[in-house]
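Asker: could you work out the structure for the sequence below:
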Amino acid sequence: MPHSLAHTRNPIRNRWSMFFSAMALAAAFAATANANPEQGAPSVEARWTEFHANPAKFMNQIPHKKTSGPRKAIPSFSPDDVKSGKFIEKKNGARTGGFEFAPGFRDANGVALSDILDGRAGARERATDFFDPADFKRKKPVLNLEDMENEGLREAKLDETPWSDTYWPIYMGSLGARYANNRFTTASNWKGHYDFVLKKTEKLSAIADKASPLMLESLSPSEKYDLLIGELTDGQTMYDAGYLTPHMWEEGRQYWDRYGEVEPWMGLCHGWAAAAYMAPRPKKAIEVPAAKEGVTLKFYPSDLKGLSTYLWAKTSVPTNFIGGRCNDKEAATDPETGRILDEKCFDTNPANWHQIVVNQIGVAKRSFVLDATFDYEVWNQPVYSYSYKYFNPQTGRSARTLRTATVEMGKFTKDKFKKFRSPDAVYVVGIEMEVTYVVETSATHNEVDSQEYDATTSVTYMYDLELDANMQIIGGEWYSNVHPDFLWTPAKDGKAQSLGDARLRGGWDGKTALPKFWKDVAVMTAMHNGLPLAAIIDGLTAAANEE
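Answerer: Now for the predicted structure:
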């Protein structure tokens with residue numbers, strides 16, 4: 001059958017399946033964990049030789065990765081979940097269970113998220129459907145390998161990394177986490193964290209009444225926001241003492257009451273991934289008057305990042321997707337190559353992947369989110385840079401030019417994927433791409449923030465691209481089932497806003513006390529919708545970025 005991009009004839013991997021046996025998966029992760037990140041990836045020749053010696057085994061290996069920057073705070077799964085592969089099901093459950101996208105979410109073309117994830121939007125699987133016209137008003141997407149070569153697009157990076165920050169785990173109360181309070185952070189579960197903020201001396205109203213600068217600084221982002229927009233009186237219950245903060249704890253409460261635990265990996269990584277490049281980086285800490293006269297609040301960059309993260313996590317913004325999910329519990333694989341056979345499994349074809357990376361980062365100069373189930377340390381991560389090299393898929397040798405890397409189909413005698421090729425494929429070229437994406441760190445009370453505080457991971461992927469008689473990219477094959485399978489990005493002009501924002505006019509400087517009307521709208525929006533106002537976050541961030 002044709003290997004077309006429109007119907008994604010390259011169903012690489014089933015998101016709902018456990019593709020690895022427990023032994024193979026454990027071995028793969030152990031190998032990754034023990035690898036020396038300073039040694040670099042094995043040569044493409046070595047990997048090509050290993051692939052041809054045992055394709056089915058090679059297809060299940062984790063790609064080489066290396067990290068840089070501060071210590072990462074990646075959402076973590078239990079060792080048992082990793083070993084068994086159960087983390088795959090948990091991730092997919094989260095994507096449609098309220099942790100990944102806001103209820104009622106639809107993409108920029110009006111397609112429901114559930115339809116996208118179920119693969120029913122597969123007919124849209126073309127790279128050009130992913131692109132936002134606003135990104136290419138004065139430019140045209142570059143879709144041909146020769147044109148990419150001529151325009152110097154074999155490598156590119158953004159002017160600045162998307163910003164790192166925590167994924168605000170739900171077991172710590174999301175934005176209700178007092179991350180700078182050592183007595184709070186020593187608790188091991190949701191109940192421990194929740195009980196701490198219920199203590200008489202730790203209640204938000206009690207701290208607001210004392211107005212101790214040290215205690216106020218150690219409050220959570222949502223608590224500072226609550227004190228910014230309204231006054232609290234001592235003696236109120238937790239669900240009265242605050243406007244936005246109670247919603248932070250309610251989400252975890254539902255899981256605790258039902259299961260007796262809130263798993264550490266649950267958080268707002270999808271909100272962070274979008275906000276990290278859609279919202280400005282707050283560059284310094286700021287002080288602003290609280291609603292209560294005479295009280296000053298200090299917002300650190302992490303506090304402001306947290307508010308942006310939460311707003312992006314809980315509101316619907318037009319978003320472009322590519323990739324999907326099939327519903328089979330186990331996907332059949334080709335015994336010779338280990339390649340997935342199920343035609344219903346829509347995933348990112350190598351051709352789509354290559355064209356999207358090059359055009360988003362190299363041409364549009366705007367990030368996008370890599371969402372991959374294969375790796376418990378890769379979920380929603382904003383992409384920062386890429387570089388790629390060629391290799392000859394017939395010989396396995398690294399190639400300096402596109403011409404020496406290109407093989408005619410009639411001469412491609414060592415093609416392991418021959419029976420899966422498009423009948424329109426005339427040439428095949430090998431690609432080795434290193435992609436760098438930004439990863440989570442920990443929230444801090446750093447007075448300033450800049451790119452040097454960001455953490456990144458680089459991963460190397462190996463695949464080939466099919467070209468037609470006119471050298472146009474029409475498909476390709478991954479040399480690993482362990483690859484990016486789901487990509488998304490908010491529309492360029494997308495804005496995360498609450499319903500209350502529509503009632504406001506003008507702006508706020510982020511330095512003076514909030515106008516009474518703004519406070520009233522903010523309180524009602526927080527209490528009834530569980531959201532902060534974008535206009536307030538914008539004002540605070542603008543103040544944090546003043547020279």
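
Asker: nearest residue to the residue nearest the centre of the chain in space, please, no chain neighbours.
Answerer: When the chain is reduced to its mean C-alpha position, the nearest residue by Cα atoms, centre = their mean turns out to be Asn380, at 1.8 Å. Counting by Cβ to Cβ, 6 or more residues apart in numbering, Asn380 lies nearest to Ala273, which is 3.9 Å off, once chain neighbours are set aside. All C-beta spots, glycine's among them, are computed from the backbone N, C-alpha and C.

Asker: so the one you found makes contact with Tyr384?
Answerer: No: using Cβ atoms under 8 Å, Ala273 and Tyr384 do not qualify as a contacting pair, with a distance of 12.0 Å.

Asker: sorry, back to before: wait, a helix at the residue nearest to Asn380?
Answerer: Yes: with DSSP: H, G, I helix; E, B strand; the rest coil as the criterion, Ala273 is assigned to a helix.

Asker: residues touching it, list them.
Answerer: Going by Cβ atoms under 8 Å, 6 or more residues apart in numbering, Ala273 touches 162, 369, 380-382.

Asker: kindly report the same for Glu377.
Answerer: Residues in contact with Glu377 (Cβ under 8 Å, 6+ apart) are 65, 72, 74, 439, 457.

Asker: so where do the strands sit in the protein?
Answerer: Chain-ordered strands for the chain, with DSSP state E as the definition, fall at 65-68, 155-157, 286-289, 296-299, 319-323, 369-371, 380-391, 398-399, 406-408, 427-439, 455-467, 473-478, 486-490.

Asker: returning to that earlier point: could you check the pLDDT of the residue nearest to Asn380?
Answerer: With respect to pLDDT, Ala273 has a value of 95.

Asker: do the same with Gly510
Answerer: The confidence metric pLDDT takes the value 96 at Gly510.

Asker: the one 4 residues further on too?
Answerer: Looking at Leu514, its pLDDT reads 97.

Asker: same thing with Leu402?
Answerer: The confidence metric pLDDT takes the value 96 at Leu402.

Asker: relative to Phe391, how far out is it?
Answerer: The gap separating Leu402 from Phe391 is 11 Å, by Cβ to Cβ, to the nearest Å.

Asker: those two: who's more crowded?
Answerer: Neighbours of Leu402 and Phe391, each counted by other Cβ atoms under 10 Å, are more numerous for Phe391; the result is 23 against 17.

Asker: beta partners of the more buried one?
Answerer: When bridges are taken as DSSP bridges, the partners of Phe391 come out as Ser398, Gly430.

Asker: next one: it from Val407, what distance?
Answerer: The separation that Phe391 has from Val407, given Cβ to Cβ, amounts to 10 Å.

Asker: what's the answer for Thr296, then?
Answerer: According to Cβ to Cβ, Thr296 stands 68 Å off from Val407.

Asker: which one of the two has more residues nearby?
Answerer: Counting neighbours by other Cβ under 10 Å for Thr296 and for Val407 shows that Val407 has the greater number, 20 against 13.

Asker: OK, contacts around the more buried one?
Answerer: For Val407, the set of contacting residues under the criterion of Cβ under 8 Å, 6+ apart consists of 392-394, 427-429.
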